[in-house]
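> fold the stuff below for me.
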Amino acid sequence: MNATVIPLLPRSGFTVRRAGDLWELIHSRTYGRDVVLHTWPRDEHSEAFAHCHQLNGGAATNLMAAHR
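All right, here's what the predicted structure looks like:
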């Protein structure tokens with residue numbers, strides 16, 4: 001028996017954009033530019049970028065090291 005694994009989320013292409021007082025997580029290639037997957041308040045930008053980085057396949061430790 002052969003099994004295929006179909007990922008529920010894409011492995012890369014997630015981006016964070018600012019819209020007013022919010023940061024929005026989007027993936028325009030798969031879901032379109034109008035679909036917002038998650039939002040954060042404006043002052044929580046580090047959490048938004050860390051989450052986006054992890055969804056794109058990066059480790060949180062690599063992200064923190066890159067911004068030192």
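> for this protein, just list every one of the strands.
Taking DSSP state E, the strands of the chain run over residues 15-19, 22-26, 38-41.
> next, the buried residues of stretch 43-55.
Ala48, Phe49, Ala50, His51, Cys52, His53, Leu55 (16 or more other Cβ atoms under 10 Å). Heads up, the C-betas are built off the backbone N, CA and C, glycines and all.
> so the first one touches Ala19, yeah?
No: with contact defined as Cβ atoms under 8 Å, Ala48 does not reach Ala19; the gap is 11.6 Å.
> select the longest helix from this structure.
Secondary structure of the chain per DSSP state H: the longest helix is helix 45-55.
> need phi/psi at the nearest residue to Leu55 once chain neighbours are set aside.
Spatially, and ignoring its direct neighbours in sequence, Leu55 is nearest to Phe14 (4.5 Å; Cβ to Cβ, 6 or more residues apart in numbering). Phi and psi for Phe14, reported as degrees, to the nearest 10, are phi -70, psi 140.
> of all residues in the protein, which one is nearest the centre?
Centroid-nearest residue in the chain, with Cα atoms, centre = their mean: Cys52, separated by 2.6 Å.
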